[in-house]
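A.B. asks: Give me a model of this one.
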Amino acid sequence: MPKTSTKPKSQSTNKESPFAVLFPDFDSEMAATRRMLERVPNGKNDWRPHAKSRSLGELAGHIAQLPGFGIAMVTTDELDFLAPRPPEPPVTTTAERLKRFDELGAHLRGLLQQMTREQGARDWILRAGERVFAKSPRTSALRSAFLTHTAHHRAQLGVYLRLLDVPVPWTYGGSADEAPPM
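C.D. replies: Take a look at the predicted model:
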């Protein structure tokens, strides 16, 4: 009787890049986020569902620039929120937000594809001055503080869209307004 491998096909091999192993969902997550950003209606930037909530423009702008946070995680060893940063040009329309998201997302994807296992294993630190909020391997930080953070805000944006009577796009499955393509 011939021997067959007992290793499941889904297990990774040492030859696979960190990007392929750790971020197999990168493209689908970015596409889901883009679909949500596409639906943000122009002219409603100041709308907010509650006085304590971000405005629609603030939330959509934050989501559009989140790949830039991922870029910082790949290209630096730490981020200090209290350190001076160059101002970001304002984005106030859906087209501007999509352009920023697409540009930053493409740049981040390229950096992640080039990242070595050694780079991914190095600690990355998030701080505000002397106060350290997080210190973890770079790949863990990217999964939690970029991909999961993006999904969290994308879900918030879906609620905003629903409250504005804007059809909510599908993400992991269908929404009340739209089914995934078959």
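A.B. asks: Let's verify the closest residue in space to residue 17 that isn't next to it in sequence: helix, strand, or coil?
C.D. replies: Spatial nearest neighbour of residue 17, chain neighbours left out: residue 113 (6.7 Å); criterion: Cβ to Cβ, 6 or more residues apart in numbering. Backbone N, C-alpha and C define where each C-beta goes, glycine included. Three-state assignment for residue 113 (DSSP: H, G, I helix; E, B strand; the rest coil): helix.
A.B. asks: Residue 113 and residue 21 touch, don't they?
C.D. replies: No. Residue 113 is not in contact with residue 21 according to Cβ atoms under 8 Å; the separation is 12.0 Å.
A.B. asks: In this structure residue 151 contacts residue 29, no?
C.D. replies: Yes. Applying Cβ under 8 Å as the test, residue 151 and residue 29 come out as touching, 6.7 Å apart.
A.B. asks: Tell me where the chain has strands.
C.D. replies: 78-80, 123-128, 131-137 (DSSP state E).
A.B. asks: could you dump the second one to PDB, C-alpha only?
C.D. replies: Taking C-alpha atoms only, strand 123-128 is exported to PDB below (Å, rounded to 0.1, in the frame of the first residue of the first chain):
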ATOM      1  CA  ASP A 123       8.900  43.700  18.400                       C
ATOM      2  CA  TRP A 124       6.900  46.700  17.400                       C
ATOM      3  CA  ILE A 125       5.900  49.300  20.100                       C
ATOM      4  CA  LEU A 126       3.000  51.700  20.300                       C
ATOM      5  CA  ARG A 127       3.500  54.500  22.800                       C
ATOM      6  CA  ALA A 128       2.500  57.900  23.900                       C
END
